[in-house]
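Q: this is a predicted model, with the sequence first.
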Amino acid sequence: MPSPGSVPRARDAERTRRELLDVASEVFADVGYSGARVDEIAARTRTTKRMIYYYFGGKEQLYIAVLERAYRGIREAEGRIDVAGLEPLEALRAIAEATYDHHVHHSEFIRLVMIENIHRGEFLKRIDSLRELGQPAVDTLERILVRGREDGSFRDDIAAFDLHMLISSYCVFQVANQHTFGHLFDRDILSDPTASRAREMLADIVASWVSVR
């Protein structure tokens, strides 16, 4: 039986850990792994450098925890869509739009991905669970594609992995290039009406590509 006060203490620990991850995500996304300092992360939270080492073990482990949570976030967003209750085409459109929304509203995720690619996936490769997290996203697309092929609405030569890459690459571009592309063409590509049009355009691209012509 838990002792008096153990539940509040557990909640405090969970809140502290979440706060550390929130701040660390911002710092790592802003200055990268090499530029981030544990002292700065501690200074921006209600805890200490010692507590960061207590909860995570060190800077590297904290960065890995940040990466894992970032990837879990997009997978959880996809998982909240009731694709089984939608027609195949509408299910794909819903996934494309949800992916777009998540990327636009979590720009730190894209910056973290970009930073990790600079490091050639060095830290990402240490997180075995991410492979398990990623596969269900492709499997979900495959099940939708199968349903669409069976009812005659989808082409039979579309691979789920290719579709996943198409959606991801489109969404990543919007965030990763918002400053350069936006400056060159004098518009804020993450604000309406450009953002809403881009969101709808992605869904149209996916629908057009998979549909039987």
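A: Right, received. Where do you want to start?
Q: can you count the residues close to Ser168?
A: 15 (other CB atoms under 10 Å). Heads up, the C-betas are built off the backbone N, CA and C, glycines and all.
Q: actually, Arg149.
A: Per other CB under 10 Å, the neighbour tally for Arg149 reads 17.
Q: and it, what element?
A: helix 129-150 (DSSP states H and E).
Q: list the contacts of that helix.
A: Residues outside helix 129-150 that contact it (CB atoms under 8 Å, 6 or more residues apart in numbering): 67-68, 71-72, 75, 78-79, 83, 88-89, 91-92, 95, 124, 154-156, 158, 160-161, 163-164, 210.
Q: again, 7 Å this time
A: Helix 129-150 has contacts (CB atoms under 7 Å, 6 or more residues apart in numbering) with 68, 71-72, 75, 78, 83, 88-89, 91-92, 124, 154, 156, 158, 160-161, 163-164, 210.
Q: just the buried ones from the residues you listed?
A: 68, 71, 75, 78, 83, 88-89, 91-92, 124, 154, 158, 160, 163-164, 210 (16 or more other CB atoms under 10 Å).
Q: hang on, isn't Glu68 packed against Ile127?
A: Yes: under the criterion of CB atoms under 7 Å, Glu68 makes contact with Ile127 at 5.2 Å.
Q: for stretch 39-56, what is the distance to the chain centroid?
A: In terms of CA atoms, centre = their mean, to the nearest Å, the centre of stretch 39-56 is found 25 Å from the chain centre.
Q: show the average pLDDT along stretch 14-24.
A: Confidence over stretch 14-24 (mean pLDDT, whole number) is 89.
Q: from the contacts of helix 129-150, which land in helices?
A: The helices, defined by DSSP state H, take in 68, 71-72, 75, 78, 88-89, 91-92, 160-161, 163-164, 210 from the contacts of helix 129-150.
Q: ok, and for stretch 64-77, which residues are buried?
A: Those would be Ile64, Ala65, Val66, Leu67, Glu68, Arg69, Ala70, Tyr71, Ile74, Arg75, Ala77, for stretch 64-77 by 16+ other CB under 10 Å.
Q: redo the residues you listed as a markdown table? Include pLDDT and distance to Phe181.
A: Shown next, in a markdown table, are the buried residues of stretch 64-77 (pLDDT from 0 to 100; distance: CB to CB, whole Å):
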| residue | pLDDT | distance to Phe181 |
| --- | --- | --- |
| Ile64 | 92 | 31 |
| Ala65 | 92 | 32 |
| Val66 | 93 | 26 |
| Leu67 | 91 | 26 |
| Glu68 | 90 | 30 |
| Arg69 | 90 | 28 |
| Ala70 | 90 | 23 |
| Tyr71 | 88 | 25 |
| Ile74 | 84 | 22 |
| Arg75 | 84 | 27 |
| Ala77 | 83 | 24 |
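Q: how many neighbouring residues does Phe109 have?
A: What Phe109 shows, counting by other CB under 10 Å, is a neighbour count of 21.
Q: residues contacting it?
A: Per CB under 7 Å, 6+ apart, neighbours of Phe109: Ala70, Gly73, Ile74, His103.
Q: want to throw those into JSON lines with distance to Leu20?
A: Formatted as JSON lines, those follow (distance: CB to CB, whole Å):
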{"residue": "Ala70", "distance to Leu20": "14"}
{"residue": "Gly73", "distance to Leu20": "16"}
{"residue": "Ile74", "distance to Leu20": "21"}
{"residue": "His103", "distance to Leu20": "24"}
